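> build me a model from this:
(one chain, ligands or ions: 3)
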Amino acid sequence: MSHSYLDMINDYRDLYRLKLEEKNRLCGEIRQMIIGVATENGGHLASSLGAVELVVALLSVFDPMKDKIVFDVGHQAYAYKILTGRKDRFHTLRQWGGISGFPKREESPYDHFDTGHAGTSISAAMGYAKARDLLHQSHNVIAVVGDASISNGMSLEALNQIEELKTKVIIVLNDNKMSINFPIGGLAKHLSHLSTNPSYRKMKDALRSACKNLPLGGSLIEESLKKLKYQIKTALQPINMFEALGINYWGPFNGHNLEELEEVFKLAKAFDESVLIHVITKKGKGYAPAEENPTKYHGVSPKRPRPDAEIVSWSKACAECVERIAEKDKRVVCLTAAMEEGCGLSRFKKRFPDRFFDVGIAEEHMLTYAAGLAAGGMRPVAFIYSTFLQRAGDQLYHDIAMQKLPVVISLDRSGLVGEDGETHQGLLDIPWFKSVPGLIIASPRDVADMEFMFSNLIKNCDMPAIVRYPKGDAPKRLARDVDAPCAPWLKAEVLRHGREVLLIGHGGVISMLIESCNKIADIYNIDPTLVDLRFLKPLDLETLNKLFVDHSLVIMAEESYAIGGIGEQLLGLAQRVNKHIRWEHMAVPDLYVPHGAKDEQLRYVGICCDEVVKKVSEYLETAPR
Ligand SMILES: Cc1ncc(C[n+]2csc(CCOP(=O)(O)OP(=O)(O)O)c2C)c(N)n1
Ligand SMILES: CC(=O)[C@@H](O)[C@H](O)COP(=O)(O)O
Ligand SMILES: [Mg+2]
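Ligands and ions are numbered 1, 2, ... in the order given. Predicted coordinates for the structure are as follows:
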C-alpha cells in the first residue's frame, strides 16, 4: 500500500496540514506499516493498532518536544514512534541495533520515560508535573495507560496521591476491555459501568458546549469550565472511583474518533486541574484477525523457521507437568499475574477452573495470596516471568520464605529473553534471591529434570522454592541416557568426566557447554569435565570441592548478572580448596542488554562457545605444560 499521507508528512509537526479526512487515511497507512513490520519482526501488534487515533490526536494537540507524554508499558506506542522521527527506521523494530519496541529516552528526545513494566506511567507523569511546577515551567504532562495497567498496584498508589499533590496531570485511560487476556476484577467491571452509564451523556453535552468557547479562550472558557465542573459533578452522582479520589473524570469518548479526541484533548489542555479522560478503543483495530483474537495478536513472534512439532516450550512443559501433579494432588493450585497464555496455563485453567487464579497485573498481591493459600494448606505454584518477579521481591522474602511457606515459583523467561530487551531480561532473579535464607533454587537443563524437581518439591518438600527456566524450547532429555534416572535431590551432576579443564553451568547454558567440550577436545586434545549444578541453592559443595581440587581451569557460565551470580559465590569456595585454580566467570556484565535476537545477546555478553574456546586457549598459553 503506498503511503501517500505518510510520505507527505515528515512527522507529527505536519499533522496540522491535514484535514480530518486525510488524517483518518493517515491512520490507515500507519496501521498498514505497523502490521507489515510487526508481522515480519514480531512485536505488540494488537495494542499498537488500537492506539493509532489516540496517538494522532495527542500529537495534533500536544507537542512532544515540550509536552511530556508517558506511555504505560509502552507496547502500544508504535504509531507514536512512527510520527516522532522514526518512520524511516521503523522496519528495524526490536532488531539488534534497531529501534526498541518500547519508549526509550536514549533512542529519541520524544520518548520521555522508559517503560516495559505495567503501572509506572501515572507515577512518572506526576513526577514530571511536580518538577514542572517547582521549576515554574508550563508544559503539559500526559500519561497514557491501559484498562489493565491502571489496575496495577502502582497505578492505584499514584491515583491515591494525585489529588493531594495539587498538580495537573492529564491521564488518558485507553480502555479496550482487554489485558493480554480478558481483564479481571472489580475495576474492570467499574470501567464498563462508566462506559455505559447513561448519565455520562449529559456530561458529554456539557463538555461539547465548553469546547464551543475554546477558540474564544479568556473569561468565556473560564465560565464554561466552571459550569462544566458543576455539571460533571451533578452528572456523575453514581459513584465514580476517579471522582471519589478527587480526580476529574471525563468520558467515555470514542477512541477512534479523531475529532472527538482532539476536542477533548484541547479542553484538557485548557483545564486547570488533573483530569482522567476515558477513551474506548478496540484492541487490534483495523486488522480483522487481531480484532477477532486480540489475545493471540497481543504479541506476535518474529518470522522464524517452524520448530518441529516434537519440540515443546519450557512454559508448556512446566504447566503440563504441574497439571499432571494436580490431577492426583488436590492441594495444587496455579496462579498467574495476567500472563495465562505466556506461562502456558490455558489448559490448566480449562481443566481446573477452581484451582486457577489470574490475579491481574498484580505480582505483589499474587505472591502474598499464594502465601495465604500455602498457610491454609494448599500447594500453590505461582507462574511468573523472572522480570516481573522483580516487582514482588519483598513478598517472596517477607511473606513466603521467612515463614517457610511451601510456595513454588515457576520462574519463566529467566535469563536473556531476546526482542523485548532491557526491561524484560531475566537477569536479577539469581543475584536477588540466592541470598534469601531457606529458599530452594532449581535450574533444570531439560524436561526430565524439571519434572523430577517439580514433583519432589510439591510432594515431598515443605519449602519455598524457585524452579527457573528460560524463554523458548525445552530439550526433553539432554546429556541423559534414555532410561537413566535423574541425579539425586540437591546434587550437582557430572555430565562428562575429564581432566584439567572444568566447565560448570546450569539450565539453558548446558547445551552450549556440551558443544564447547567437544570443540575443546577436538582442538586442544584436552577432555574437559562438565558439571550441571541443577540446584543453585543449596549448592552441592561436596561434589564441587572435590572437582576444584582436581582441575586447574574452571569456566563457570550462567545467564545471570555476574555481580551476585553463582560464579562469584563459587570463586571464593574454589580458591579455598585450590589456591592455584584459574577462574573464568561467563555471565552478564554490569550493563543493560538491548533488544535483539537471543543469540545476538548471548554473543554480546560473551556467553557462547567461541568465548569458552578462547578462554581455554588463553589458559593454555600461560599454563605450565
Ligand atoms: C508488571 C508487569 N506485569 C505484566 C506485564 C505483561 N503485560 C504487558 S502488556 C499487559 C496487558 C496490558 O493491558 P492494558 O494495560 O489494558 O493494555 P492493552 O494491551 O490492552 O493496550 C501485560 C499483562 C508487564 N508488562 N508488566
Ligand atoms: C509487553 C509485555 O510485557 C508482554 O507482552 C511481554 O512482552 C510478553 O513477553 P513474551 O512475548 O516473552 O511472552
Ligand atoms: Mg487494555
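> what kind of secondary structure is the residue in the stretch 301-450 of the chain that ligand 2 sits nearest to in?
Residue of the stretch 301-450 of the chain nearest ligand 2, by C-beta to the nearest ligand atom: Gly342 (3.6 Å). For every residue, glycine as well, the C-beta is placed using N, CA and C. The three-state label given to Gly342 by DSSP: H, G, I helix; E, B strand; the rest coil is coil.
> how many residues are close by it?
Neighbour count of Gly342, defined by other C-beta atoms under 10 Å: 20.
> residue contacts, it?
Ile180, Gly299, Ser315, Tyr385, Asp412, Arg413 (C-beta atoms under 8 Å, 6 or more residues apart in numbering).
> so the first one sits against Ala337, correct?
No - using C-beta atoms under 8 Å, Ile180 is not in contact with Ala337; the gap is 10.7 Å.
> the more surrounded of these two?
Ala337 (28 against 23).
> how much space separates the nearest residue to Gly418 once chain neighbours are set aside from Met339?
Leaving aside its chain neighbours, Gly418 sits nearest to Lys598 (4.1 Å; criterion: C-beta to C-beta, 6 or more residues apart in numbering). Separation of Lys598 from Met339 (C-beta to C-beta, to the nearest Å) stands at 19 Å.
> nearest to ligand 1 within this protein, name that residue for me.
For the chain, C-beta to the nearest ligand atom, closest residue to ligand 1: Gly146, 2.2 Å.
> could you give the number of residues near that residue?
When neighbours are counted by other C-beta under 10 Å, Gly146 comes out with 30.
> tell me the contacts of the residue nearest to it when sequence neighbours are not counted?
In space, and not counting its chain neighbours, Gly146 is closest to Asn174: 5.2 Å by C-beta to C-beta, 6+ apart. Contacts of Asn174 were listed using C-beta under 8 Å, 6+ apart, and they are Gly50, Ala51, Leu54, Gln76, Val144, Val145, Gly146, Asp147, Gly255, Val279, Thr281.
> and whichever strand or helix holds Asn174, which strands flank it?
Using DSSP states H and E, Asn174 maps to strand 170-175. Sheet pairing for strand 170-175, assigned by DSSP bridges, gives strand 141-146 (parallel), strand 275-280 (parallel).
> right, and the helix or strand after it?
Following strand 170-175 in sequence, per DSSP H and E, is helix 186-196.
> that following helix to strand 275-280, inter-axis angle?
80 degrees (axes from the mean of the first three to the mean of the last three C-alpha atoms, to 10 degrees).
> thinking again about what came up before, which one of Lys598 and Met339 has more residues nearby?
Met339 (22 against 18).
> the more buried one contacts Ser386, doesn't it?
No - contact between Met339 and Ser386 fails when scored by C-beta under 8 Å: they sit 11.8 Å apart.
> separation between the closest residue to Leu490 other than its chain neighbours and Leu457?
What sits nearest to Leu490 in space, not counting adjacent residues and going by C-beta to C-beta, 6+ apart, is Phe535, at 5.2 Å. Counting by C-beta to C-beta, the separation of Phe535 from Leu457 is 11 Å.
> overlap in contacts, the two.
In contact with both Phe535 and Leu457: Ile440, Ala442, using C-beta under 8 Å, 6+ apart.
> residues contacting whatever residue of the stretch 1-150 of the chain ends up closest to ligand 3?
At 3.9 Å from ligand 3, Gly146 is the closest residue in the stretch 1-150 of the chain, using C-beta to the ion. Residues in contact with Gly146 (C-beta under 8 Å, 6+ apart) are Ser47, Asp72, Val73, Gln76, Ala118, Leu173, Asn174, Asp175, Asn176, Ser179.
> same list, those residues, but as JSON lines with pLDDT and distance to Thr368 please.
JSON lines is the format used below for the contacts of Gly146 (pLDDT from 0 to 100; distance: C-beta to C-beta, whole Å):
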{"residue": "Ser47", "pLDDT": "98", "distance to Thr368": "29"}
{"residue": "Asp72", "pLDDT": "98", "distance to Thr368": "23"}
{"residue": "Val73", "pLDDT": "98", "distance to Thr368": "23"}
{"residue": "Gln76", "pLDDT": "98", "distance to Thr368": "29"}
{"residue": "Ala118", "pLDDT": "98", "distance to Thr368": "18"}
{"residue": "Leu173", "pLDDT": "98", "distance to Thr368": "27"}
{"residue": "Asn174", "pLDDT": "98", "distance to Thr368": "29"}
{"residue": "Asp175", "pLDDT": "98", "distance to Thr368": "28"}
{"residue": "Asn176", "pLDDT": "98", "distance to Thr368": "29"}
{"residue": "Ser179", "pLDDT": "98", "distance to Thr368": "21"}
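> can you tell me which of the residues you listed has the most neighbours?
Asp72 (32 neighbours).
> so it makes contact with Ala148?
No - taking contacts as C-beta under 8 Å, Asp72 lies outside contact range of Ala148: 9.4 Å.
> can you list residues touching both of those two?
Jointly contacting Asp72 and Ala148 under the rule C-beta under 8 Å, 6+ apart are Ala118.
> any weak-confidence spans in this structure?
Across the chain, residues meeting the criterion (pLDDT under 70) sit at 1-3, 199-204, 210-222, 232-238, 306-310, 625.
> which strand in it has the most residues?
strand 551-561 (DSSP state E).
> now the strands for the stretch 301-450 of the chain?
Taking DSSP state E, counting those that start in this stretch to define them, one finds strands in the stretch 301-450 of the chain at 312-313, 332-336, 356-358, 379-385, 408-412, 440-442.
> picking up where we left off before, and the contacts of Asn174 as a markdown table, adding distance to Tyr16?
Below are these laid out as a markdown table (distance: C-beta to C-beta, whole Å):
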| residue | distance to Tyr16 |
| --- | --- |
| Gly50 | 24 |
| Ala51 | 21 |
| Leu54 | 18 |
| Gln76 | 24 |
| Val144 | 21 |
| Val145 | 27 |
| Gly146 | 28 |
| Asp147 | 30 |
| Gly255 | 21 |
| Val279 | 22 |
| Thr281 | 23 |
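> of these, buried ones?
Among those, those classed as buried by 16 or more other C-beta atoms under 10 Å are Gly50, Ala51, Leu54, Gln76, Val144, Val145, Gly146, Asp147, Gly255, Val279, Thr281.
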